[in-house]
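**Student:** The following comprises the amino acid sequence and a computationally predicted model.
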Amino acid sequence: MRNLIDILDLTTEEIDELISTASDIIDNPGKYAEACRGKILGTLFFEPSTRTRLSFTSAMMSLGGSVLGFDQANSTSVTKGETLSDTIRMVSAYTDIIAMRHPKEGAPIVASAVSEVPIINAGDGGHFHPTQTLTDLMTIKRKLGRLEGLTVGLCGDLKYGRTVHSLICAMSRYAGVRFVLISPKELRLPDYVKDEFLKDGSYTEITELEAAIPELDILYMTRIQEERFESHEEYERLANVYELDANKLRNAKPTLSVLHPLPRVNEINVDVDTDPRAHYFEQAANGRYIRMALILKLLGTRGYSDNRMSGEESDTLECRNPHCLSLTERGIVKLFRDGVCIYCDQKAQNK
Ligand code: NCD
């Protein structure tokens, strides 16, 4: 059975195929209209979503399939104390494929260990968001014609921004890609992404947006992730640090692609929306087609797969990431690989 827990579950060839299928769907929608007749997608959203949930729903409906699920954890038995594992066991009996979003990091790994149907990670805490990355890669490929040799600026909340983490994992596999990481010091990219995916010399870390713009092929703006902050004062202090506007784009390349996973707050002024280099609404639209291609690929791959759960138990190590599901899920086996928690990828601490 194939799951999509993080973007590296797909090879670059598979990503190319998904982008080609999505483009074919755009050109020939009728060819796919019955492809999932009789199949059911479960959309389990324990955390708010507009685009991701609705584009998954639209994707399955456009394939002739049906959708069931929920968009608020408080309407489910979670409020009665049910574990995620138990919820997933049941839903996997009612569906053929599941897309889930959860505030805790590692939740889709736990789900994939008990699910009989493929699990798609639609965002786990501040960790990963691989289907947004597919949408991003499709947009870049269609706009710039390639994924290699690009200078990619990522701006905003690089600490908690899960879309940024997955996009860096994916793009670091293409030759000649350079990253310009633009954030306040407090919101820098976490070490678990940097150490694992960025080679020395392939990136720079800066705090100022405007000076970086002229060299960029892609400018990926992100929202400061208010819901992940431990203190509201800290959020308020950093909330409006960046605002891209038409004036700041005056020295940008004519071929620049401005992207944003959306929702935006203040980080892109509406005066950028009419600039031909603003591609974020098209990016959101692409989400429907690439998710259709993904559902087609993963559906039909059934049976248990627990290879994600490989790691060792430890008497001396513990995960102290307050956002990791392994701290709260009853009955979970805490596993570590090379001193790292297998659920959230953060370095474990000595007890
Ligand atoms: C993003 C997310 O949920 O991580 N939204 C999305 O899926 N398009 C970005 C965000 O919430 O800032």
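**Tutor:** Everything's here; your move.
**Student:** So which residues of the protein form helices?
**Tutor:** With helices called from DSSP state H, the chain shows them at 12-27, 51-62, 84-94, 107-114, 130-144, 162-171, 191-197, 232-238, 280-298.
**Student:** nearest to Lys347, of the ones you listed?
**Tutor:** helix 191-197 (7.1 Å; C-beta to C-beta). In this view, the C-beta of every residue, glycine as well, is placed from N, C-alpha and C.
**Student:** what number of residues lie near the closest residue to the ligand within the stretch 251-351 of the chain?
**Tutor:** Closest to the ligand within the stretch 251-351 of the chain is Pro261: 3.9 Å, counting by C-beta to the nearest ligand atom. For Pro261, the count of nearby residues is 27 (other C-beta atoms under 10 Å).
**Student:** residues from the chain in reach of the ligand?
**Tutor:** Residues of the chain lying close to the ligand (C-beta under 6 Å from any ligand atom) are 51-52, 123, 129, 132, 162-163, 223, 261-262.
**Student:** What segments of this structure are strands?
**Tutor:** Along the chain, the segments classed as strands by DSSP state E run 40-45, 66-70, 97-102, 119-124, 151-155, 178-182, 203-206, 218-221, 257-259, 317-318, 336-337, 340-341, 349-350.
**Student:** Can you tell me which of those is packed in deepest?
**Tutor:** strand 119-124 (a mean of 28; mean count of other C-beta atoms under 10 Å).
**Student:** Using PDB, write out the CA atom coordinates for that strand.
**Tutor:** The C-alpha trace of strand 119-124 is given here as PDB (Å, rounded to 0.1, in the frame of the first residue of the first chain):
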ATOM      1  CA  ILE A 119      -3.200   7.700   4.100                       C
ATOM      2  CA  ILE A 120      -2.500  11.100   2.600                       C
ATOM      3  CA  ASN A 121      -1.000  13.700   4.900                       C
ATOM      4  CA  ALA A 122      -2.900  17.000   4.300                       C
ATOM      5  CA  GLY A 123      -0.700  18.700   6.900                       C
ATOM      6  CA  ASP A 124       0.600  17.600  10.400                       C
END
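**Student:** what residues does that strand touch?
**Tutor:** Applying C-beta atoms under 8 Å, 6 or more residues apart in numbering, the external contacts of strand 119-124 come out as 3-6, 43, 45, 47, 49, 52-53, 56, 88, 97-102, 104-108, 111-112, 128-132, 162, 294, 298, 325.
**Student:** Can you tell me which of those residues are classed as buried?
**Tutor:** Buried by 16 or more other C-beta atoms under 10 Å: 3-6, 43, 45, 47, 49, 52-53, 56, 88, 97-102, 104-108, 111-112, 128-132, 162, 294, 298, 325, out of the contacts of strand 119-124.
**Student:** Quick test: name the residue nearest the centre of this structure.
**Tutor:** His129 (1.3 Å; C-alpha atoms, centre = their mean).
**Student:** residues touching it, list them.
**Tutor:** By C-beta under 8 Å, 6+ apart, the contact set of His129 is 121-123, 162-163, 165-166, 261.
**Student:** same deal with Thr135?
**Tutor:** 261, 283-284, 286-287, 290-291.
**Student:** what would the helices of the chain look like in CSV with mean pLDDT?
**Tutor:** Below are the helices of the chain laid out as CSV (pLDDT from 0 to 100):
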stretch, mean pLDDT
helix 12-27, 97
helix 51-62, 97
helix 84-94, 95
helix 107-114, 95
helix 130-144, 98
helix 162-171, 98
helix 191-197, 93
helix 232-238, 94
helix 280-298, 97
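**Student:** quick one: which of those is nearest Ile268?
**Tutor:** helix 280-298 (7.4 Å).
**Student:** Against which helices or strands is the closest one packed?
**Tutor:** With contacts taken as 3 or more C-beta pairs under 8 Å, 6 or more residues apart in numbering; DSSP states H and E, helix 280-298 sits against helix 12-27, helix 51-62, strand 97-102, helix 130-144, strand 257-259.
**Student:** hmm, 7 Å instead?
**Tutor:** helix 12-27, helix 51-62, helix 130-144, strand 257-259 (3 or more C-beta pairs under 7 Å, 6 or more residues apart in numbering; DSSP states H and E).
**Student:** Go through these and pick out the most buried.
**Tutor:** strand 257-259 (a mean of 25).
**Student:** How much space separates the residue located most distally from the centre of the chain from Cys324?
**Tutor:** Ranked by distance from the centre of the chain (C-alpha atoms, centre = their mean), the top residue is Asp315, with 32.5 Å. Going from Asp315 to Cys324 by C-beta to C-beta, to the nearest Å gives 19 Å.
**Student:** what's the neighbour count on Glu186?
**Tutor:** Count around Glu186 with other C-beta under 10 Å applied: 12.
**Student:** List the single closest residue to it in space, sequence neighbours excluded.
**Tutor:** Leaving aside its sequence neighbours, Glu186 sits nearest to Leu238 (C-beta to C-beta, 6 or more residues apart in numbering; 6.3 Å).
**Student:** dump the residue contacts of the one you found.
**Tutor:** 184, 186-187, 224 (C-beta atoms under 7 Å, 6 or more residues apart in numbering).
**Student:** And those residues, which of them are buried?
**Tutor:** Listed as buried from those are 184, 187, 224; burial here means 16+ other C-beta under 10 Å.
**Student:** CSV for those residues, including pLDDT and distance to Thr83?
**Tutor:** Below are the buried ones among the contacts of Leu238 laid out as CSV (pLDDT from 0 to 100; distance: C-beta to C-beta, whole Å):
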residue, pLDDT, distance to Thr83
Pro184, 97, 37
Leu187, 97, 32
Ile224, 96, 32
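**Student:** Could you single out the nearest of those to the ligand?
**Tutor:** Nearest member of the buried ones among the contacts of Leu238 to the ligand, counting by C-beta to the nearest ligand atom, is Ile224, at 8.6 Å.
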